[in-house]
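Asker: Below are the sequence and a predicted model for it; my questions follow.
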Amino acid sequence: MDLGLADRTILVTGGSSGVGLATVRVLLDEGANVAACGRDAERLARAAATLDRDRLLTGACDVRDADAVRAFTERAADTFGGLDGLVNNAGQSRMKNLDESTADDWRDELELKFHGVLNPLHAARPHLAASSAPSIVNVNAVLAKQPEPRLITTSAARAGILNLSKSLATALAPEGIRVNSVCLGLIDTGQWTRRHAAAHTPQTYQDWQSHLATDRGIALGRLGRAEEAAYAIVTLLSPRASYITGTSIDVCGGVGRSIL
Ligand SMILES: NC(=O)c1ccc[n+]([C@@H]2O[C@H](COP(=O)([O-])OP(=O)(O)OC[C@H]3O[C@@H](n4cnc5c(N)ncnc54)[C@H](OP(=O)(O)O)[C@@H]3O)[C@@H](O)[C@H]2O)c1
């Protein structure tokens with residue numbers, strides 16, 4: 001099936017690593033124009049060096065900075081002549097329980113998760129409204145439906161974003177803009193290599209991952225690959241998904257226990 005993404009323009013936040021980078025790669029393979037941002041310009045440049053750069057624009061910006069996000073979004077729309085999709089992917093999780101979480105942790109987590117969606121949304125909205133098939137995908141986590149006490153701030157923020165996504169789907173439907181979520185389980189990206197390094201375990205990364213998959217009860221017995229998340233994101237961006245809005249897809253290898 002042709003996903004109908006050729007020559008459409010998609011902005012991906014956090015496009016220099018992991019799920020975001022895999023999404024950029026799949027979109028380029030589909031013939032889309034892609035604008036990708038992240039905070040670290042060198043990391044973006046290293047990622048871009050592995051990609052076909054003819055239809056790729058990169059820019060360093062922090063999604064918490066509304067002005068920087070607006071400037072990058074305008075540059076993307078000017079460069080490619082509009083915007084058809086937005087992937088709100090930038091972020092990271094905070095491994096802290098209730099007693100470890102300070103007021104600053106709560107504030108920082110809520111700021112990253114909420115403004116990381118709202119800043120790109122406000123900047124992209126007029127351009128998306130002018131597209132013939134606009135779509136927003138919010139990259140979320142199964143934590144939104146299945147909180148973990150060791151990730152208490154992230155779990156709560158994720159639940160809020162899932163709720164917000166539903167409201168956005170309703171609010172933006174009159175403009176033709178679809179809004180959906182992809183809820184990730186454990187996906188093998190920089191997040192997990194960093195945790196393995198921080199654990200100072202004698203186990204190899206491969207053995208540590210296998211143990212993690214068993215410990216967390218992942219039905220498929222392994223972590224997911226970044227491109228497995230990217231395929232779900234790209235499917236929701238496609239005009240072929242034109243009647244899908246206000247919903248979420250779990251990409252989690254069966255770790256999710258929720259039936260809703
Ligand atoms: N991997 C998982 O198991 C998993 C599970 C559930 C949810 N998620 C979520 O999925 C998304 C992608 O995760 P990943 O595993 O692919 O992570 P990753 O490999 O660490 O990549 C994160 C990306 O986001 C960028 N980023 C982080 N904070 C940013 C900010 N404030 N402004 C702009 N860019 C920012 C990073 O670049 P810079 O650092 O240079 O800014 C990088 O490009 C995240 O929102 C994450 O929380 C991941």
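Answerer: Arrived safely. Numbers count the residues shown, from 1 in each chain.

Asker: those helices in the stretch 151-260 of the chain, which residues are they?
Answerer: 152-172, 190-199, 205-216, 226-237 (DSSP state H, counting those that start in this stretch).

Asker: so for the longest one, what's the average pLDDT?
Answerer: Per-residue confidence for helix 152-172 averages out to 98 on the pLDDT scale.

Asker: what about that helix and the ligand, touching?
Answerer: No. Using C-beta under 6 Å from any ligand atom, helix 152-172 never reaches the ligand; the gap is at least 7.4 Å. All C-beta atoms are positioned from the backbone trio N, CA, C, and that covers glycine.

Asker: care to break the protein down by domain?
Answerer: Per the record, the chain has its domains at 9-186+225-248, 188-222, by automatic domain parsing.

Asker: Show me what counts as buried in the shortest one.
Answerer: Read it as domain 188-222. Using 16 or more other C-beta atoms under 10 Å as the test for burial, domain 188-222 gives D188, T189, Q191, W192, H196, W208, Q209, L212, A213, I218.

Asker: Now do it, average pLDDT.
Answerer: Mean pLDDT, domain 188-222: 93.

Asker: so how far is it from its chain's centroid?
Answerer: For domain 188-222, the separation from the chain centroid amounts to 21 Å (computed by C-alpha atoms, centre = their mean, to the nearest Å).

Asker: Same question for stretch 170-187.
Answerer: 11 Å.

Asker: Report the buried residues of it.
Answerer: Buried residues in stretch 170-187 (16+ other C-beta under 10 Å): 172, 176-187.

Asker: picking that back up, can you tell me which of the buried residues of domain 188-222 is closest to L128?
Answerer: Set against L128, the nearest of the buried residues of domain 188-222 by C-beta to C-beta is T189 (26.9 Å).

Asker: Who are the contact partners of that closest one?
Answerer: Neighbour list for T189: S17, G18, V19, A226 [criterion: C-beta atoms under 8 Å, 6 or more residues apart in numbering].
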